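Enquirer: no sequence on this one, just coordinates:
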């Protein structure tokens, strides 16, 4: 094992930034991946026993805007070569959440000791990818400017249920001027694999948001008088749904500490 | 001439719906072209003396959202083969407006007697094309449902001036739910030749609209509590600009009575 790690370190200098990030995670890095390996796709993680994986897979299929699948493992196999040749889902996320009966029981930096032959890993697209596209076109993103987490809200938009998995869509919010909101719709429409176009804009009460200044997750950000709130389906949705399902066992990433893949964000553009 | 008209009538049964519409105009039809020759591109018309055509052409180039050029004639030539093999710009619009020094002096059904060797005709894209695309995707269009004219507003968005041509952008407004507004941005983004994506949505006062219930042109339509107004650049803009320029002579179409071309709306989709 020591030899293998040394070999990986030897190749680090020439390795992709994404592989370097994963190697750092294996070595114990446990901080946010925001801004890490710029240009590479990061993913939300959900690991479930095979017994529940079919129903969860259908849930994602039925709700592609909050749960866009960008990769998944074979049963019991911790590798997902399509997302990275060497990728090991047990070690390559900075920090995990281990769920038992709907409660977080541990937040380890690897899940080697939790791995089982019946686990299936799902990697779901994340807003970091479309935020990069928005920033590249010069659109300001309030929570990034303010160095806080994106504000997120539970809505009254019901996800289509599948087996034990059901619940409301969680959305993230970014304020824009109307002109920039229109541009943001165009830009993010190109990226259906990472939540795609907004699901709502303006009029937050219509989707059950009573107080925009009090997000259910993340941090509040101000909306200026010449701006409207723009809402995207959020990868927190599957995590909330897994928690609510109270299944006996599951593993997710810790919010903001994502899986860094070898896919490039630009590869996800459909046009 | 009688023989020619007879020949045209003989071929009408097999002619394109667009050609049939133009033949009807030549025969004196002077009613709105809304709903005529479904699927075919209709255009706004602006005819100016060569002396002003260069500045107007630059105005359109500088302001492509309100003034998307889909065809233009050579100097003194009333034909625009790219828009229809037989098209005669002097007879094929149901009703014209003849402008002298910024005032409408006549609204004839043909401009044969007004035609001059120095005139240049511009045909500009029209919202009928993108409305067809919206309707085909099941989006309801309020003013069509209510059988009234689309509401239009002068804004505080200044067009880029060129020579004598300057003034504010005029926009048309259609109310949509936020979800449909997002879809409408996607659909109309595919059609830059017919005004393209909206220029604004929600918050009308930001573009200088003080009372949405009192449009500057067209008819008011209600905006329901779960809807936002969505604004597109409007082909009335060039007509307003030509009027304001008070040039000695110009010809336009009468509002709503457009030139029907042989282009198909679907041909204008950029993706």
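Expert: Noted; the coordinates are in hand. Small disclaimer: the values here were computed from a predicted structure and weren't measured. Residues are numbered from 1 along each chain as shown, chains lettered A, B, ... in the order given.

Enquirer: skipping its backbone neighbours, what lies nearest residue A:81 in space?
Expert: residue A:87 (7.1 Å; Cβ to Cβ, 6 or more residues apart in numbering or on different chains). For every residue, glycine as well, the C-beta is placed using N, CA and C.

Enquirer: number of residues surrounding that neighbour?
Expert: 24 (other Cβ atoms under 10 Å in any protein chain shown).

Enquirer: and if you look at residue A:186?
Expert: Residues lying near residue A:186 (other Cβ under 10 Å) number 15.

Enquirer: would you map the helices across the stretch 151-271 of chain A?
Expert: A:178-189, A:236-245 (DSSP state H, counting those that start in this stretch).

Enquirer: once you drop chain neighbours, what's closest to the residue of the stretch 51-200 of chain A at minimum distance from chain B?
Expert: Relative to chain B, the nearest point of the stretch 51-200 of chain A is residue A:185 (4.3 Å; Cβ to the nearest Cβ). Counting by Cβ to Cβ, 6+ apart, the nearest residue to residue A:185 once its immediate chain neighbours are dropped is residue B:185, at 4.3 Å.

Enquirer: contact partners for that neighbour?
Expert: A:182, A:185-186, B:197-198, B:201, B:230 (Cβ atoms under 8 Å, 6 or more residues apart in numbering or on different chains).

Enquirer: let me know the pLDDT of the residue nearest to residue A:81.
Expert: For residue A:87, the model assigns a pLDDT of 97.

Enquirer: around chain B, which positions in the stretch 151-271 of chain A sit nearby?
Expert: Neighbours of chain B within the stretch 151-271 of chain A, by Cβ under 8 Å from any Cβ of the partner chain: A:177-179, A:181-182, A:185-186, A:189, A:197-203, A:206, A:226, A:228, A:271.

Enquirer: and the residue lying closest to residue A:43 once chain neighbours are set aside, how many residues sit next to it?
Expert: Spatial nearest neighbour of residue A:43, chain neighbours left out: residue A:123 (3.9 Å); criterion: Cβ to Cβ, 6+ apart. Counted with other Cβ under 10 Å, the neighbours of residue A:123 add up to 29.

Enquirer: which residues does residue A:32 contact?
Expert: A:94, A:256-257.

Enquirer: if we go to 10 Å?
Expert: Residues near residue A:32 by Cβ atoms under 10 Å, 6 or more residues apart in numbering or on different chains: A:94-95, A:149, A:254-258.

Enquirer: is it in a helix, a strand, or coil?
Expert: State at residue A:32, reduced to three classes by DSSP: H, G, I helix; E, B strand; the rest coil: coil.

Enquirer: next one: it from chain B, what distance?
Expert: Separation of residue A:32 from chain B (Cβ to the nearest Cβ, to the nearest Å): 29 Å.

Enquirer: output the lowest mean pLDDT helix or strand found in chain A.
Expert: Every helix and strand of chain A was ranked by mean pLDDT, DSSP states H and E. The lowest is helix A:2-10, at a mean of 42.

Enquirer: now residue A:124: phi and psi?
Expert: The phi/psi pair for residue A:124 (degrees, to the nearest 10) reads phi -110, psi 140.

Enquirer: measure it to residue A:239 for me?
Expert: Separation of residue A:124 from residue A:239 (Cβ to Cβ, to the nearest Å): 10 Å.

Enquirer: the more surrounded of the two?
Expert: Between residue A:124 and residue A:239, counting by other Cβ under 10 Å, residue A:124 is the more crowded of the two (27 against 23).

Enquirer: let me see the contact set for that one.
Expert: Going by Cβ under 10 Å, 6+ apart, residue A:124 touches A:43-46, A:60, A:64, A:66-72, A:193-195, A:235, A:237-239, A:253, A:258-259.

Enquirer: ok, residue A:96 next?
Expert: Counting by Cβ under 10 Å, 6+ apart, residue A:96 has contacts A:30, A:45, A:47, A:89-90, A:104, A:106-111, A:114, A:251-254, A:257.

Enquirer: any quick PyMOL command for the buried ones out of these?
Expert: Entered in PyMOL, the line below selects the buried ones among the contacts of residue A:96, by 16 or more other Cβ atoms under 10 Å in any protein chain shown:
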select buried, chain A and resi 30+45+47+89+90+108+109+110+111+251+252+253+254+257
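
Enquirer: spatially central residue for chain A, please.
Expert: residue A:44 (3.1 Å; Cα atoms, centre = their mean).

Enquirer: show the pLDDT at it.
Expert: Value for residue A:44, per-residue pLDDT: 96.

Enquirer: give me the element it is part of.
Expert: Assessed by DSSP states H and E, residue A:44 sits inside strand A:40-49.

Enquirer: surely residue A:92 touches residue A:262?
Expert: No - if you go by Cβ atoms under 10 Å, residue A:92 and residue A:262 don't touch, sitting 11.1 Å apart.

Enquirer: those two - which one has more neighbours?
Expert: Using other Cβ under 10 Å as the criterion, residue A:92 and residue A:262 rank with residue A:92 on top: 25 against 21.

Enquirer: SS state for the more buried one?
Expert: coil.

Enquirer: who touches it in this structure?
Expert: Per Cβ under 10 Å, 6+ apart, neighbours of residue A:92: A:18-19, A:21-26, A:45, A:78, A:80, A:83-84, A:86, A:110, A:259-261.

Enquirer: ok, back up a step: the residue nearest to the centre of chain A: what's it in contact with?
Expert: By Cβ under 10 Å, 6+ apart, the contact list for residue A:44 reads A:66-68, A:70, A:93, A:122-127, A:234-239, A:252-253, A:255, A:258-259.
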